[in-house]
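1. the sequence and its predicted three-dimensional model are supplied below.
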Amino acid sequence: MGVVRSERIKLTSTRAPWWCIAAVVVLGLGIAGLIALVTRGAGGVADQPEGAATDGSFDQSSAASVYLIGVNFFGVVILMIMAVLGVTTEFRFGTIRTSFLATPRRQNVLCAKALVYVALTFVVVVPLSLCSVLLVKAVNGSAGLDLGSEHVIRQIWGTAVWAALCVVVGIGVGAIVRQTAGAVSVVLVWMLVLENVAAALPVVGRRIGPFLPFRNGSRFLDGDFPGDGYHWNSWVSLIYFGVFAAIVFAVGVLLVNRRDAG
């Protein structure tokens, strides 16, 4: 508990996390309100693809995903960068040495850091997602969002799960790379560039796309629909990404234990 308390104090005593959280809130509510305002009277934003379910489930899921893009995309990216900074900044200024001296079991430091950042992610993302949905309904009553829909509910809590796993990846990459610019570049290029480019490649993209970790993680929010090319349902996609996040974090812990604290 002492290690967790120490990591909580570190998190709340620096400005960067507060600025990151503020950015997530502004983007989450701002983009949701803007899209709702722009599409007001248009009856929603989702275009149901050929072969999709005809019971409106895809419309609910797709609409919720689009309206919440400020949270489930931009917000998740910011939270992941915040997690990276939470590790690399300590290596940069050497404060991680003090933590390791106080806690010889170095894995406990990283686990406590992950626990604190994941808890913060849930505290921020769940209420923010709910408030974003309520804002959309207030601005655009014809947005096609039903608070009782399982797909909208999945977006509200699922976005927090997706964000929390991305945070774990960020901490793992931060521990592996140690250097801020390099670690941030790795997570952003991997998530935003490499996987999208790989999935867009002719023929090959169709085969490797379903195995890309970040695409599996984000897929969980939208659920399943026919013809998406995946070999498993969206729940397995979440587990797939969870295993990936655990592996990255475990590699970070392994390297922290083996390398010096500098």
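-> Structure's in. What do you need?

2. quick one: distance of stretch 168-177 to the chain centre.
-> Average the C-alpha atoms of stretch 168-177, do the same for its chain, and the two points are 14 Å apart (Cα atoms, centre = their mean, to the nearest Å).

3. do the same with stretch 217-237
-> With Cα atoms, centre = their mean as the basis, stretch 217-237 stands 16 Å off its chain's centre.

4. got the buried residues for that stretch?
-> Using 16 or more other Cβ atoms under 10 Å as the test for burial, stretch 217-237 gives 217, 218, 219, 220, 221, 222, 223, 224, 225, 230, 234, 237. Yep, even glycine has a C-beta here, placed from its N, CA and C like the rest.

5. where along the stretch 1-150 of the chain do the helices fall?
-> If DSSP state H, counting those that start in this stretch is used as the criterion, the helices of the stretch 1-150 of the chain fall at 2-12, 15-38, 57-67, 69, 76-93, 95-102, 106-139, 150-177.

6. reformat the ones you listed as TSV; add mean pLDDT.
-> Shown next, in TSV, are the helices of the stretch 1-150 of the chain (pLDDT from 0 to 100):
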stretch	mean pLDDT
helix 2-12	86
helix 15-38	93
helix 57-67	68
helix 69	93
helix 76-93	93
helix 95-102	84
helix 106-139	93
helix 150-177	93
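
7. between these, which one is closest to residue 202.
-> helix 57-67 (25.3 Å; Cβ to Cβ).

8. measure how far the helix or strand that comes right after that closest one is from the centre of its chain, please.
-> Downstream of helix 57-67, the first helix or strand assigned by DSSP states H and E is helix 69. Distance of helix 69 from the chain centroid (Cα atoms, centre = their mean) equals 11 Å.

9. check stretch 186-198 too.
-> Remark: stretch 186-198 is offset 14 Å from the chain centroid, using Cα atoms, centre = their mean.

10. who's in contact with it?
-> Stretch 186-198 has contacts (Cβ atoms under 8 Å, 6 or more residues apart in numbering) with 77, 80-81, 84, 166, 169-170, 173, 177, 204-205, 208-209, 212-215.

11. report the buried members of these.
-> With neighbours counted using 16+ other Cβ under 10 Å, these contain these buried positions: 77, 80-81, 84, 166, 169-170, 173, 177, 209, 212-215.

12. coming back round to it: and the helices of the stretch 1-150 of the chain as TSV, adding distance to residue 248?
-> TSV is the format used below for the helices of the stretch 1-150 of the chain (distance: least, Cβ to Cβ, whole Å):
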stretch	distance to residue 248
helix 2-12	19
helix 15-38	20
helix 57-67	25
helix 69	25
helix 76-93	11
helix 95-102	19
helix 106-139	11
helix 150-177	4
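
13. so for residue 184, which of these sits nearest?
-> Closest to residue 184 of these, according to Cβ to Cβ: helix 76-93, at 5.5 Å.

14. who's sitting farthest from the centroid in the protein?
-> residue 101 (31.6 Å; Cα atoms, centre = their mean).

15. pLDDT of the helix or strand where residue 188 lies, averaged?
-> Assigned by DSSP H and E, residue 188 falls within helix 180-188. Mean pLDDT, helix 180-188: 95.
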